[in-house]
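**Student:** How does the following fold in three dimensions:
(3 chains)
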Amino acid sequence: MADARACAYSYLYETSSLCDYEIATDLLASRIGLAMHDVKHSDLKFLVELVYHANGSMRGKCAITEEDLKMCNDLYEDYLEKVGPCKMFVLPCGCRGASVLHCLRSETKSIIRILAKIDCEPNRVKNKNIHQFFNLLSNLFFLMALYENKQENVKESEFVSKSYEC
Amino acid sequence: MADARACAYSYLYETSSLCDYEIATDLLASRIGLAMHDVKHSDLKFLVELVYHANGSMRGKCAITEEDLKMCNDLYEDYLEKVGPCKMFVLPCGCRGASVLHCLRSETKSIIRILAKIDCEPNRVKNKNIHQFFNLLSNLFFLMALYENKQENVKESEFVSKSYEC
Amino acid sequence: MADARACAYSYLYETSSLCDYEIATDLLASRIGLAMHDVKHSDLKFLVELVYHANGSMRGKCAITEEDLKMCNDLYEDYLEKVGPCKMFVLPCGCRGASVLHCLRSETKSIIRILAKIDCEPNRVKNKNIHQFFNLLSNLFFLMALYENKQENVKESEFVSKSYEC
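**Tutor:** Numbering: from 1, shown residues only, chains lettered A, B, ... in the order given. Alright, predicted model coming up:
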């Protein structure tokens, strides 16, 4: 087995968290690809590609541009207008599409944790576009989840924390 | 983008594993919300809420009470009675609902690993209720998986390890 | 609660990454068990069992044999013949089965990252069979994804990175 099949990815044995970032973003892109089968009211295809561009943007040249961020930002505005401001904490459930989107929202946050780790490694300069992209993406998935429930006539379930009550 | 959308979660950049715990429990709650669509013979809704209470219980006031633990414990007894003691190792598969519950069971265990890490951080006191809750929850998901297969007339597949054979 | 239910797994509180490996492989086996419901053109059942044998192979006796590796290798050859060499980068999506297999492919790579960590712990000898197994498995899932799309008449979407362009 001296060929490519014996190695799933060239950087698997490096000590930097860069490789963890690349695996996590590859997984997120795959999960978005899967989510496309369950989410009915949002088109996610362009996000699979955008996350793959983010995937290469920490080791290679940053491929998430100001235009990409503006596009995500405009999309965020659109969804915010569609669902209105959410004034309570909600349980991460509802119709299947909303549930899938809540999972994506959480998984996106764990990528930002890896980014924060990479930023502390020697000779790294913080890649602001990538940070902005994933923070925005996580929030976008949240709005998409609300929208999915709204379109399916599923009411959000409020969550009232007993940990932070007055 | 000077507003909330540029930040997916306030604690994403802290060094403590507390934030990882919060992301992992948020994800687990979301996955339980999703599992509700595939698990036919157990009601999981109250667990979404309970995991969200656990989510806030490490940084804020502990919201998993003795009563919550007793309720989970009683539920464990119920399922144990329904499925009977499992005297062999089983492969984590079967009907779709059982498969989903096996995934939840494993994901719950990885949360306990994060708890163990947090316990080693300075000035932390072990939160026994939270440890008990997630250990119990993982075992509860296991019994629910057995129950789901039983209700769907799917026979468990025994697994005989070659690593620990006599 | 002085019985087994209070403990989800005996090694949850050890500091070695061995336990993380065991949780991650348990989860992968569970996810393969779940994938069996969505993947139409490949039989994954034997992989659930094989991954469970790999699960015990780092702490106990190695249960992934040369014969197992040869079998996976032959399977890899079969799929390669079925789908032909893939000469472009593809987006990790397509039919539901392919999407699920892409997720498995990524999750398998994150197991290799844990293996790499364990190898750096004191008194560990690299378990070459286990490394080979998971590298091969990740690549096998990739070919299975291509095959799933091919059988469902779904064309792959090329991905052209802007990070590494000439």
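**Student:** Could you check how far the most centrally placed residue in chain A is from residue A:138?
**Tutor:** Taking Cα atoms, centre = their mean, the centroid of chain A lies closest to residue A:108, which sits 3.3 Å from it. Distance of residue A:108 to residue A:138, given as Cβ to Cβ, to the nearest Å: 4 Å. C-beta coordinates here come from the backbone N, C-alpha and C atoms, glycine included.
**Student:** one step back: so the residue nearest to the centre of chain A lies in a helix, does it not?
**Tutor:** Yes. With DSSP: H, G, I helix; E, B strand; the rest coil as the criterion, residue A:108 is part of a helix.
**Student:** Find residues that contact each of residue A:108 and residue A:138.
**Tutor:** The overlap between the contact sets of residue A:108 and residue A:138 (Cβ atoms under 8 Å, 6 or more residues apart in numbering or on different chains) consists of residue B:8.
**Student:** With chain C in mind, check whether stretch A:56-76 reaches it.
**Tutor:** Yes. Using Cβ under 8 Å from any Cβ of the partner chain, we find that stretch A:56-76 touches chain C at A:56, A:57, A:59, A:60, A:61, A:62, A:63.
**Student:** How about stretch A:95-114?
**Tutor:** No. Figure legend: stretch A:95-114 not in contact with chain C (Cβ under 8 Å from any Cβ); closest approach 10.8 Å.
**Student:** Show me which residues of that stretch are buried.
**Tutor:** A:95-114 (16 or more other Cβ atoms under 10 Å in any protein chain shown).
**Student:** same deal with stretch A:138-154?
**Tutor:** Of the residues in stretch A:138-154, A:138-151, A:154 count as buried by neighbour count, 16+ other Cβ under 10 Å.
**Student:** same thing with stretch A:8-23?
**Tutor:** So, applying 16+ other Cβ under 10 Å, buried residues of stretch A:8-23: A:8, A:9, A:12, A:17, A:18, A:19, A:20, A:21, A:22, A:23.
**Student:** Start and end of it, how far apart?
**Tutor:** Terminal residues of stretch A:8-23 are spaced 11 Å apart (Cα to Cα, to the nearest Å).
**Student:** If we ignore the residues flanking it in sequence, what's nearest residue A:65?
**Tutor:** Nearest non-adjacent residue to residue A:65, counting by Cβ to Cβ, 6 or more residues apart in numbering or on different chains: residue A:129, 7.3 Å away.
**Student:** Next one: the one you found from residue A:154, what distance?
**Tutor:** Counting by Cβ to Cβ, the gap from residue A:129 to residue A:154 is 35 Å.
**Student:** tell me the contacts of the residue nearest to the centre of chain A?
**Tutor:** A:28, A:134, A:137, A:138, A:141, B:8.
**Student:** In a helix, the first one, correct?
**Tutor:** This means residue A:28. Yes. Counting by three-state DSSP, residue A:28 is part of a helix.
**Student:** residues near residue A:158, how many?
**Tutor:** Around residue A:158 sit 10 other residues, with neighbours defined as other Cβ atoms under 10 Å in any protein chain shown.
**Student:** That one touches residue A:87, doesn't it?
**Tutor:** No. Applying Cβ atoms under 8 Å, one finds residue A:158 not in contact with residue A:87, separated by 9.7 Å.
**Student:** And the pLDDT at the residue nearest to the centre of chain A?
**Tutor:** Confidence at residue A:108, expressed as pLDDT, is 98.
**Student:** Please apply the same query to residue A:78.
**Tutor:** At residue A:78, the model reports a pLDDT of 97.
**Student:** Now for the contacts of residue A:108: which two are most distant?
**Tutor:** A:28 and B:8 (13.2 Å; Cβ to Cβ).
**Student:** Might you enumerate the residues of chain A proximal to chain B?
**Tutor:** By Cβ under 8 Å from any Cβ, the residues of chain A that approach chain B are A:69, A:73, A:76, A:91-94, A:96, A:99-100, A:102-103, A:105-110, A:112-113, A:116, A:132, A:134-136, A:138-139, A:157, A:159, A:161-165.
**Student:** Which of those fall in strands?
**Tutor:** When strands are assigned by DSSP state E, not one member of those lies inside them.
**Student:** Would you reformat the residues of stretch A:56-76 next to chain C as CSV and include pLDDT?
**Tutor:** Shown next, in CSV, are the residues of stretch A:56-76 next to chain C (pLDDT from 0 to 100):
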residue, pLDDT
A:56, 97
A:57, 97
A:59, 96
A:60, 96
A:61, 96
A:62, 97
A:63, 97
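**Student:** And the buried ones among those residues, selectable in ChimeraX?
**Tutor:** In ChimeraX, a selection of the buried entries from the residues of stretch A:56-76 next to chain C looks like this (16+ other Cβ under 10 Å):
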select /A:56,57,62,63
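**Student:** what's near enough to touch the residue lying closest to residue A:11 once chain neighbours are set aside?
**Tutor:** Spatially, and ignoring its direct neighbours in sequence, residue A:11 is nearest to residue A:19 (4.4 Å; Cβ to Cβ, 6+ apart). By Cβ under 8 Å, 6+ apart, the contact set of residue A:19 is A:9, A:11, A:12, C:113.
**Student:** Quick check: the second one touching residue A:22?
**Tutor:** Yes. Counting by Cβ under 8 Å, residue A:11 touches residue A:22, with 6.9 Å between them.
**Student:** Common neighbours of these two, please.
**Tutor:** Residues touching both residue A:11 and residue A:22 (Cβ under 8 Å, 6+ apart) are residue A:59.
**Student:** I'd like to know how many residues surround residue A:128.
**Tutor:** The number of residues packed near residue A:128 is 11, by other Cβ under 10 Å.
**Student:** Give me the local confidence score for residue A:166.
**Tutor:** 64.
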